Structures are given as C-alpha cells and as structure tokens.
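Chemist: here is my input, please return the structure:
(chains A and B)
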Number of protein chains: 2
Amino acid sequence: MSTLALFRNEGDTRSFAAGETIFVEGDEGRNMFVVLEGSVRLSVTGRTLEKVAKGGVFGEMALIDSAPRSATATALTACTLVPVTAQRFKSLVQESPEFALEIMRVMAARLRSMDRRL
Amino acid sequence: MSTLALFRNEGDTRSFAAGETIFVEGDEGRNMFVVLEGSVRLSVTGRTLEKVAKGGVFGEMALIDSAPRSATATALTACTLVPVTAQRFKSLVQESPEFALEIMRVMAARLRSMDRRL
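Modeler: Just a heads-up that it's a prediction; the model follows:
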C-alpha cells in the first residue's frame, strides 16, 4: 500500500495557502507530514532542496532522531497535509515494514540528490 | 538491540586491508555492510563524506532503492565487515522495527551532515 493510500481518508488534516510557512529550520519537530494535495518546497538557508508533491512525505527526520528541523518547509501551492505524530510513526514502522521501506526510499532519494550537489 | 549486537557473532565476514577499496561509486550494490572492526571512509568524487566506525553501517542505499552505489567505500584501517544481502535486509526490517529505525537514524544523520555542507 502506498503512503498516500494509508492516509487518504484521514480526518485530521492541515491546510496551508501558497507561500505559507509550514515549519522553519531549527524548530522543534513534532510531526511528519504527508502531502494529500498540492506541493511543498524544502529549503536550507534559502536554497531549494526539493519539491514534495502529492503522495510525498517530509519532516520525518525530526521524528527519527528527535533533533530540530533540518530544513524549512513552505507551501508552494495551496496544500492539504496529514500530520503524523512520533507515536503514530513508530506504530506504523512496527506494523508496516512496507511503510518503513518507503520512508527509507524517500531518505535514499534525498541522499542521492545531495550527493549530486557535491 | 544495537546493530552491532545483531551481527557480532556472524560467521560470514569479509576482511579488508587499510587502503583497500570495498566498492566504487556507480557499482551495482548487492550488500549493505556492518563494521565489526576497523573503520571505513565513504567518499564522492574524492571528497570524504563520512568515516564509519565499529558498529556503523554503510551501503544500505543500494538495497533500499536498487540503484548503483552513490559513494565509494575504502578501508581506512584494516577492517572486518559483515555483508548483508537485500533479502536479509528486508527480513530484518520486517522482523525488527528497531533495526528499521536504526537504519533511518543512520540516514537522517547523513542527511543532516549533507545539509550542513550546503
């Protein structure tokens, strides 16, 4: 099951207008986000790292290592997000190895993209 | 249980002399490696990304996304490694959520380190 399918019927969503800030580098991070609609820009010190589209996830790192946000997230378009708490994230990893592998795939894609910038 | 503890009594290990190449950027990747003894240098186009010490893992990305090696791994000192196949990696993720979270923590640390280089 795709990450989007897991969260498609979620009741608890958050909406952001285009240009609105979702979180800022250095913030304490309590949630990962799944993009249900729209797209999100991740940036570090103003440089775009990635655009996250519908079905994508971001903000997972703060749940994994409990460190502050490593990047800033901004709504590129109007968007609807599902917030996922640390507790739910750990339950999902425990119950769904496919979810764990999907998170690893997202992180691997980010690492490869960063390697290409070196 | 730590990753090292999971693999400490492994019978199938590989030894490399200081300076020896373990894999090269662009290679097809069939194994992740756990460092039992010694340390390993990861580099991209000659630039050191990271030194992986005893208990650390590397080479996991090729198992996660089946893409070629994103970096070159070289023995910094004489080292002993446990190779982990893709099949075993997936079994470990399925059987041990703690293993899955540990791999995510390793990847999160690498992403944070890359973010700081921007």
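
Chemist: measure the residue nearest in space to the middle of chain A to B:A53 for me?
Modeler: Central residue of chain A (Cα atoms, centre = their mean): A:F58, 1.2 Å from the mean position. The spacing between A:F58 and B:A53, counted by Cβ to Cβ, to the nearest Å, is 30 Å. Just so you know, the C-beta spots here come from the backbone N, C-alpha and C atoms, and that holds for glycine as well.

Chemist: chain B contacts on chain A?
Modeler: Proximity of chain A to chain B is assessed by Cβ under 8 Å from any Cβ of the partner chain, with A:44-45, A:47, A:49, A:60-61, A:64-65, A:67, A:70-71, A:90, A:93-94, A:97, A:100-101, A:103-105, A:107-112, A:114-115, A:117-118 identified as the residues in range.

Chemist: buried members of the residues you listed into ChimeraX, please.
Modeler: Of the residues of chain A next to chain B, the buried ones can be selected in ChimeraX as follows, counting by 16 or more other Cβ atoms under 10 Å in any protein chain shown:
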select /A:44,49,60,61,64,65,70,71,93,97,100,101,103,104,107,108,109,110,111,114,115
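
Chemist: quick one: residues contacting A:V35.
Modeler: Contact analysis of A:V35 by Cβ atoms under 8 Å, 6 or more residues apart in numbering or on different chains lists A:52-58, A:79-81.

Chemist: please list the members of these that lie in helices.
Modeler: Within the contacts of A:V35, no residue falls in helices by DSSP state H.

Chemist: sorry, back to before: so which of the residues of chain A next to chain B belong to helices?
Modeler: A:61, A:64-65, A:90, A:93-94, A:97, A:100-101, A:103-105, A:107-112, A:114-115, A:117.

Chemist: any idea how far the helix or strand bottoming out on mean pLDDT in chain A is from the middle of the chain?
Modeler: Across the helices and strands of chain A, mean pLDDT, DSSP states H and E gives its lowest value to helix A:3-7, namely a mean of 80. How far helix A:3-7 lies from its chain's middle: 13 Å, per Cα atoms, centre = their mean, to the nearest Å.

Chemist: now for whatever helix or strand comes next after that helix, which elements pack on it?
Modeler: Tracing the chain past helix A:3-7, the next element assigned as helix or strand by DSSP states H and E is strand A:14-16. Helices and strands touching strand A:14-16, as assessed by 3 or more Cβ pairs under 8 Å, 6 or more residues apart in numbering or on different chains; DSSP states H and E, comprise strand A:79-85.

Chemist: can you list contacts of the strand it packs on?
Modeler: By Cβ under 8 Å, 6+ apart, the list of residues contacting strand A:79-85 from outside reads A:7, A:10, A:12-16, A:22, A:30-40, A:63, A:92.

Chemist: any of those buried? List them.
Modeler: Burial by neighbour count, judged by 16+ other Cβ under 10 Å, picks out A:7, A:16, A:22, A:31-36, A:38-40, A:63, A:92 from the contacts of strand A:79-85.

Chemist: save those residues as JSON lines, and put in distance to B:A86 and secondary structure too.
Modeler: Formatted as JSON lines, the entries for the buried ones among the contacts of strand A:79-85 read as follows, by distance: Cβ to Cβ, whole Å; DSSP: H, G, I helix; E, B strand; the rest coil:
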{"residue": "A:F7", "distance to B:A86": "27", "secondary structure": "helix"}
{"residue": "A:F16", "distance to B:A86": "38", "secondary structure": "strand"}
{"residue": "A:I22", "distance to B:A86": "35", "secondary structure": "strand"}
{"residue": "A:N31", "distance to B:A86": "31", "secondary structure": "strand"}
{"residue": "A:M32", "distance to B:A86": "26", "secondary structure": "strand"}
{"residue": "A:F33", "distance to B:A86": "29", "secondary structure": "strand"}
{"residue": "A:V34", "distance to B:A86": "27", "secondary structure": "strand"}
{"residue": "A:V35", "distance to B:A86": "29", "secondary structure": "strand"}
{"residue": "A:L36", "distance to B:A86": "32", "secondary structure": "strand"}
{"residue": "A:G38", "distance to B:A86": "35", "secondary structure": "coil"}
{"residue": "A:S39", "distance to B:A86": "32", "secondary structure": "coil"}
{"residue": "A:V40", "distance to B:A86": "31", "secondary structure": "strand"}
{"residue": "A:L63", "distance to B:A86": "26", "secondary structure": "helix"}
{"residue": "A:L92", "distance to B:A86": "22", "secondary structure": "helix"}
